[in-house]
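> here is a sequence with its predicted model. Questions after.
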Amino acid sequence: MTANVIRALTPIVLAAIGGAIGFIVLLNSGDKDSVKVTAGMGLAGTAIAAAAGLAQPNKNPNKPEETQES
């Protein structure tokens, strides 16, 4: 695997993990323990937010922009 493939797949995997955690929490929330449901949804939201953060394009402010010479 190349670095670009890993960078592309990492957010997808994290979002899938977050979605799976959220789905499992919803399925197992039959006992209505609000603390466990809230903790599970918080964990799922954190994984999805991490995926969204990693999916953002990288901008290095210290790297000068490349200019095209004619």
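Thanks, I have it.
> which ones are touching the spatially most central residue of the chain?
In the chain, the residue lying closest to the centroid (CA atoms, centre = their mean) is residue 51, at 1.6 Å. Going by CB atoms under 8 Å, 6 or more residues apart in numbering, residue 51 touches 10, 11, 12, 13, 14, 15, 18. In short, each C-beta sits where N, CA and C put it, glycine included.
> show the buried residues in these.
Those of those that meet the buried threshold are 11, 14, 15, 18, by 16 or more other CB atoms under 10 Å.
> quick one on the thing from earlier: confidence score at the residue nearest to the centre of the chain?
You'll see residue 51 listed with a pLDDT of 85.
> residue 12 versus that one, what's the distance?
Look at residue 51 and residue 12: by CB to CB, to the nearest Å, they are 7 Å apart.
> and which of the buried ones among the contacts of residue 51 is nearest to residue 35?
residue 18 (19.5 Å; CB to CB).
> now that closest one: which helix or strand?
In this assignment (DSSP states H and E), residue 18 forms part of helix 3-27.
> what's that helix packed up against?
helix 34-54 (3 or more CB pairs under 8 Å, 6 or more residues apart in numbering; DSSP states H and E).
> buried residues, the helix it packs on. List them.
So for helix 34-54, counting by 16+ other CB under 10 Å, buried means 40, 41, 44, 47, 48, 50, 51, 54.
> show me which of those residues is closest to residue 3.
residue 54 (13.4 Å).
> isn't that closest one right next to residue 10, touching?
Yes: assessed by CB atoms under 8 Å, residue 54 is found in contact with residue 10 at 5.6 Å.
> pLDDT below threshold where in the protein?
31-32, 58-70 (pLDDT under 70).
> please report how far residue 34 lies from residue 3.
43 Å.
> residue 27 now?
36 Å.
> residues contacting residue 35?
Per CB under 8 Å, 6+ apart, neighbours of residue 35: none.
> and it, how far from residue 41?
The value you get for residue 35 to residue 41, if CB to CB is used, is 11 Å.
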